[in-house]
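1. Coordinates for the following, if possible.
(chains A and B)
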Amino acid sequence: DAKTTQPNSMESNEEEPVHLPCNHSTISGTDYIHWYRQLPSQGPEYVIHGLTSNVNNRMASLAIAEDRKSSTLILHRATLRDAAVYYCILSLLGETSGSRLTFGEGTQLTVNP
Amino acid sequence: GAGVSQSPSNKVTEKGKDVELRCDPISGHTALYWYRQSLGQGLEFLIYFQGNSAPDKSGLPSDRFSAERTGGSVSTLTIQRTQQEDSAVYLCASRFLAGGAYEQYFGPGTRLTVT
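-> Purely as a prediction, here's the structure:
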C-alpha cells in the first residue's frame, strides 16, 4: 500500500476553516484518496473520498493536487464536534472490490472554543 | 437505520483464555472487515470477507486468531490462548459493494483487556 504523511497534530478555532494536509507522493493511478475521522472512544467515520477531481459533500471538501501527490481536507467552519483524529488513506477501492483501508497515525485536530 | 453493532463492548479475560468477539454488520452489506487498534495507535487490518469468496486473512497476526462469517451476515472473531499483547480495541466495519458506495461503516468496537 502506498504511504501517506500527515502532521501529527493541528489546532483550529471554532467557526474558522481548517485545512488538513496529506502527502502521498507514491500514489498510483488507481489509488483512491479517502479521509476518515475518529472521535474519542468511537469507531472511525467516513468523511470523503476522491480520485482526481476536487470533491464536496455535506461534511467537507477534498482538494486534490493536479499531480495527485498531495491532497487537503477542508472543513469550512470547524465546530467543537470536529475535534478528532483525521486519517488520510489510499486504497485500491473499486465499486465491486473490497480492499482494506490502511490507517496511519493520522492528524489529531484540536478545536478551540 | 441500524448501524454496525459489536458485542461485547468490553471484555476482560485472563491470559491463556479464548475469547469470541461478535459483529453484526449493516443488513445487505456484503463486505465485512475486522481491524484492531492498540492504545494510541492507528488501525491495523486483520481480515476481510466479501460475499462467498475466500476471506483475505493476510492481516491476522498469528494462528491464534481466526474469524468466520456465517450466512453472509454475522461474523465472529476468535482469539485463542490470549496474550497481553492482544489487548486492544477490535473494530468491525461493513460496506455495500455496489452503486458507487465506497465508505466503510464502523461499529463502536470491543475493548479487549488481557490480564
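2. Relative to chain A, how far out is B:Arg111?
-> 9 Å (C-beta to the nearest C-beta, to the nearest Å). Bear in mind the C-beta positions are built from the backbone N, C-alpha and C, glycine included.
3. Could you pick out the residues of chain B near chain A for me?
-> Counting by C-beta under 8 Å from any C-beta of the partner chain, the residues of chain B close to chain A are B:4, B:31, B:33, B:35, B:41-45, B:48, B:50, B:56, B:59, B:91, B:93, B:95, B:97-100, B:102-109.
4. Quick one, which of those residues are buried?
-> B:4, B:31, B:33, B:35, B:42-45, B:48, B:50, B:56, B:59, B:91, B:93, B:95, B:97, B:102-109 (16 or more other C-beta atoms under 10 Å in any protein chain shown).
5. What ranges in the chain fall below the confidence cut-off?
-> By default, I'm working from chain A. For chain A, the stretches with pLDDT under 70 are A:1-2, A:92-99.
6. my question was about chain B
-> In chain B (pLDDT under 70), the answer is B:1, B:97-101.
7. In it, what residue lies closest to chain A?
-> Closest residue of chain B to chain A, C-beta to the nearest C-beta: B:Phe106 (3.1 Å).
8. what's near enough to touch the residue lying closest to that residue once chain neighbours are set aside?
-> Of all residues not flanking B:Phe106 in the chain, A:Gly43 sits nearest, at 3.1 Å (C-beta to C-beta, 6 or more residues apart in numbering or on different chains). Shown in contact with A:Gly43 (C-beta atoms under 8 Å, 6 or more residues apart in numbering or on different chains): B:Val4, B:Leu91, B:Ala93, B:Phe106, B:Gly107, B:Pro108, B:Gly109.
9. Grab the most central residue of chain B for me.
-> B:Trp34 (3.2 Å; C-alpha atoms, centre = their mean).
10. What about that one? Give its phi and psi, please.
-> According to degrees, to the nearest 10, the main-chain angles of B:Trp34 amount to phi -120, psi 130.
11. ok so, going back, narrow the buried ones among the residues of chain B next to chain A to those in strands?
-> Here DSSP state E is the test, and these give B:31, B:33, B:35, B:43-45, B:48, B:50, B:91, B:93, B:95, B:105-106 as lying in strands.
12. Nearest to A:Phe103, out of those residues: which one, please.
-> B:Leu43 (3.9 Å; C-beta to C-beta).
13. hang on, that closest one packs against B:Trp34?
-> No. Using C-beta atoms under 8 Å, B:Leu43 makes no contact with B:Trp34, being 10.1 Å away.
14. rewinding a little: adding distance to B:Val19, write the ones in strands among the buried ones among the residues of chain B next to chain A out as CSV.
-> Formatted as CSV, those follow (distance: C-beta to C-beta, whole Å):
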residue, distance to B:Val19
B:Ala31, 24
B:Tyr33, 19
B:Tyr35, 16
B:Leu43, 19
B:Glu44, 17
B:Phe45, 19
B:Tyr48, 21
B:Gln50, 25
B:Leu91, 15
B:Ala93, 20
B:Arg95, 25
B:Tyr105, 24
B:Phe106, 20
